[in-house]
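Undergrad: Fold the stuff below for me.
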Amino acid sequence: MVLIHLLINNKDLLIQISEWLLKENLAVSVEVDYTREHFIIENDKVVKETVHKLSFISKASEFSSIHKALEARCGDALKEIYSVPVVYQNWNPN
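TA: Numbers count the residues shown, from 1 in each chain. From the prediction side, this is the model:
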């Protein structure tokens, strides 16, 4: 299992992705954090942009297909995607 994080600059797209992940059983739950500041280097200058963060746990074997599907759906709105391994999880849906 991996924890996947996305940074997206389109709030409407973020909601669509959340619903898609859940309906396709690619995530059991999705966590959304609206309006984060994201700093990057562009042309040797630090640039600040506002993004929204989406996080979810999925199977590690699904990462590549999720990544490709998100690139196709999001285009330039997808600013960053990465995953970290989940070593332990105690999840209670109730």
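Undergrad: surely residue 5 meets residue 53?
TA: Yes: judged on C-beta atoms under 8 Å, residue 5 makes contact with residue 53 at a distance of 6.3 Å. The way it works is simple: take the backbone N, C-alpha and C, and place the C-beta from them, glycine included.
Undergrad: Farthest from the middle of the protein: give me that residue.
TA: What lies farthest from the middle of the chain is residue 44; by C-alpha atoms, centre = their mean that is 26.7 Å.
Undergrad: Now do the helices in the chain.
TA: 11-23, 63-74 (DSSP state H).
Undergrad: Any idea how many residues pack against residue 48?
TA: Other residues lying near residue 48 total 8 when counted by other C-beta atoms under 10 Å.
Undergrad: Please apply the same query to residue 52.
TA: 21.
Undergrad: before we move on, what about the one 3 residues further on?
TA: Neighbouring residues of residue 55 were enumerated by other C-beta under 10 Å; the total is 15.
Undergrad: cool, and residue 32?
TA: 16.
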